[in-house]
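# the following comprises the amino acid sequence and a computationally predicted model.
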Amino acid sequence: MDDFQGKTAFITGGASGIGLAMARAFGAAGMNIMLADIEREPLDKAIEELRQRQIRVEGVDCDVADRASVQEAAKATIEAFGKVHLVCNNAGVGGGGEIGTLRPGDWDWTIGVNLMGVVYGTETFLPLLRAHGEGGHFVNTASMAGMISPPGMEPYCATKFAVVAMSEGWAGQLAQEGIGVSVLCPGFVNTRIFESARTRQERFGAAEETNSEAASIGAQLVQAGIPADVVGACVFEAVRDNDFYIFTHPDMRPAVEQRFQRIMEGFDKAEMRSALRGVETKSPQQIQMLKI
């Protein structure tokens, strides 16, 4: 997208953190903003703030882990602004713990919000972007935890790896329609992600408090993270330039390179495995993953 004036952005998790930062950035560029969030009071405050910035904005209650709720939010967006061009599937929650200690509700909650929320947002809004024929863009919020997987963060990392994978595939499918896809993989950002249990839906059961050393360290790193508005500005630049991967922490490159090195070592070992000796594989020699 290179023309933002008068177009509409729909942003989940828009009442605070990275979602609100995106709203500030795209609103400043002249976009109409529909903020979607599960928390009403912060949503009202965010709407008021953006209106004071002379941004045209509305808000809608939305539980991204409920497909019907996302569909109702989409309907409200069209009723308010007529069309939607940019969809930021941003709402997310933290989830993790030592193996064997997680309950089914912990997995269901993290998967419901972080993974299925992106699925529901994409599947609900894609027909609306196609309908007006003016192109558009999806921004799916993953994480550096979608590139590397620290121990103890398996539910969170599983969902964020999935968001990266889905976004890669969707980018290849939608490029020819003039609909871009970006995947946001931030490092530590000063948000309330470690307080996400405050919004946990009753159907997933109450969250258990954790006082583990790992959780404490993680919370400290988040609190010392970069400002959310910096991330919002990065996302704006990436959508403008039709960039696929959006990274905010270049200093985390070595961690990703270490993972890739271990993967390559696995391929090297495969070439030496006696079990594969004499086996003729017939894999495609060229697989185009991203047709953008």
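In hand now; what should we look at?
# which helix or strand contains residue 134?
According to DSSP states H and E, residue 134 maps onto no helix or strand at all.
# wait, residue 93
Per DSSP H and E: residue 93 is located in neither a helix nor a strand.
# quick check: closest non-adjacent residue to it.
The shortest distance from residue 93 to any non-neighbouring residue, by C-beta to C-beta, 6 or more residues apart in numbering, is to residue 196 (3.8 Å). Using the backbone N, CA and C atoms, a C-beta is placed for each residue, glycine as well.
# for residue 205, same thing?
Closest residue to residue 205 apart from its sequence neighbours, by C-beta to C-beta, 6+ apart: residue 105 at 3.6 Å.
# doesn't the one you found lie inside a helix?
Yes. Counting by DSSP: H, G, I helix; E, B strand; the rest coil, one finds residue 105 located in a helix.
# can you map out the helices along the stretch 101-250 of the chain?
Using DSSP state H, counting those that start in this stretch, the helices found in the stretch 101-250 of the chain span residues 104-110, 116-132, 154-174, 213-223, 228-241.
# so can I have JSON lines of those helices showing mean pLDDT, mean neighbour count and distance to residue 88?
Shown next, in JSON lines, are those (pLDDT from 0 to 100; neighbours: other C-beta atoms under 10 Å; distance: least, C-beta to C-beta, whole Å):
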{"stretch": "helix 104-110", "mean pLDDT": "96", "mean neighbour count": "19", "distance to residue 88": "19"}
{"stretch": "helix 116-132", "mean pLDDT": "98", "mean neighbour count": "19", "distance to residue 88": "8"}
{"stretch": "helix 154-174", "mean pLDDT": "97", "mean neighbour count": "20", "distance to residue 88": "12"}
{"stretch": "helix 213-223", "mean pLDDT": "69", "mean neighbour count": "13", "distance to residue 88": "20"}
{"stretch": "helix 228-241", "mean pLDDT": "98", "mean neighbour count": "19", "distance to residue 88": "8"}
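# any chance of those helices in TSV with distance to residue 61 as columns?
Converted to TSV, those look like this (distance: least, C-beta to C-beta, whole Å):
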stretch	distance to residue 61
helix 104-110	18
helix 116-132	14
helix 154-174	23
helix 213-223	26
helix 228-241	22
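# so which of the ones you listed is nearest residue 80?
Among these, the nearest to residue 80 by C-beta to C-beta is helix 116-132 (12.9 Å).
# and the closest one, how far out from the chain middle?
14 Å (C-alpha atoms, centre = their mean, to the nearest Å).
# how about residues contacting it?
By C-beta atoms under 8 Å, 6 or more residues apart in numbering, the residues outside helix 116-132 that reach it are 10, 12, 64-67, 70-71, 74, 78, 83-85, 87, 89, 91-92, 135-136, 138, 140-141, 163, 166, 170, 174, 177, 179.
# out of the helices of the stretch 101-250 of the chain, which gets nearest to residue 44?
For residue 44, the closest of the helices of the stretch 101-250 of the chain is helix 228-241, at 18.9 Å, according to C-beta to C-beta.
# could you give the separation of that closest one from the chain centroid?
Offset of helix 228-241 from its chain centre (C-alpha atoms, centre = their mean): 13 Å.
# name the helices or strands packed onto it?
helix 17-28, strand 136-141, strand 179-185, strand 245-247 (3 or more C-beta pairs under 8 Å, 6 or more residues apart in numbering; DSSP states H and E).
# can you redo those as a markdown table with distance to residue 255?
As requested, the helices and strands packed on helix 228-241 are exported to a markdown table (distance: least, C-beta to C-beta, whole Å):
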| stretch | distance to residue 255 |
| --- | --- |
| helix 17-28 | 21 |
| strand 136-141 | 19 |
| strand 179-185 | 12 |
| strand 245-247 | 12 |
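# and stretch 81-98, end to end?
With C-alpha to C-alpha, to the nearest Å as the measure, stretch 81-98 spans 46 Å from end to end.
# how far does that stretch sit from the chain's center?
5 Å.
# in it, what counts as buried?
Across stretch 81-98, burial judged by 16 or more other C-beta atoms under 10 Å covers 81, 83-97.
# and the pLDDT for residue 206?
Residue 206 carries a pLDDT value of 87.
# also the one 4 residues further on?
Note on residue 210: pLDDT of 59.
# and the spatially closest residue to residue 174 that is not a sequence neighbour, what does it touch?
In space, and not counting its chain neighbours, residue 174 is closest to residue 181: 6.0 Å by C-beta to C-beta, 6+ apart. Residue 181 makes contact with 137, 138, 139, 140, 167, 170, 171, 174, 175, 244, 292, according to C-beta under 8 Å, 6+ apart.
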